[in-house]
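Participant: Sequence first, predicted model second:
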Amino acid sequence: MDAIEAILTRRSVRNYTDAPVPEDTIQLLLEAAVSAPSAGNQQAWQFIVIEDREILKRIPSVHPYSGMLNHAPLAIVVCGDLSRERFGGGYWVQDCSAATQNILLAARASGLGAVWLGVYPLEDRVVGLQKLLDMPESVIPLSLISIGFPAVEQGRVDRYDAGRIHRNQWRKTIGTP
């Protein structure tokens, strides 16, 4: 699948088959993640790959919208490592967001389904995952990605809205004051 097709057909997938994700595919997802742009090439990210069924089943106790992990074969936590941040200002959030999107697109291109579960900036989710996964305080979980082979294939949805596109300067859309 080419990059444009992966982008245009990527959907949030929450239902998976029982098939495990092969190790070489997990490696590909991680290589895609670290190929994301990073402010000043600081690469202030860390990743936690979770395949342990017991850990996956415990995550919904700290993240209320992660129930799909009870059946997912894999999750990846994308984390910002504040000890690696050279520029301050929170660029790790942008860097880790780009890494998260790369994982989602690589998953789609590999025939997998995935969904981005937001963690940061909600303190209860951040602290809950830090404790559950025995993370140091300087490592902040930004996102949790549930991954597996989709139980049902979802088609493309056209989300393009010309009314949200502005050129050269902000312009009012029809019907707005």
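Facilitator: Received it, and whenever you're ready, just let me know what you need. This one's a predicted model, so the numbers in the text were calculated from it and none came from an experiment.
Participant: Point to the residue nearest the middle of this structure.
Facilitator: The residue lying closest to the centre of the chain (CA atoms, centre = their mean) is Thr100, at 3.6 Å.
Participant: That one against Ser143, yeah?
Facilitator: Yes: checked against CB atoms under 8 Å, the pair Thr100 and Ser143 is within contact range at 4.6 Å. The way it works is simple: take the backbone N, C-alpha and C, and place the C-beta from them, glycine included.
Participant: Need the residues touching each of these two.
Facilitator: 78, 116 (CB atoms under 8 Å, 6 or more residues apart in numbering).
Participant: isn't there a helix covering the residue nearest to the centre of the chain?
Facilitator: Yes: assigned with DSSP: H, G, I helix; E, B strand; the rest coil, Thr100 falls within a helix.
Participant: residue boundaries of the helices in this protein?
Facilitator: With DSSP state H as the criterion, the chain has helices at 3-9, 23-33, 53-58, 91-109, 123-132.
Participant: Of these, which stretch is the most buried?
Facilitator: Across the helices of the chain, the average number of neighbours (mean count of other CB atoms under 10 Å) peaks for helix 91-109, which reaches a mean of 22.
Participant: hang on, the earlier thing: can you read off the pLDDT for the residue nearest to the centre of the chain?
Facilitator: We have a pLDDT of 99 for Thr100.
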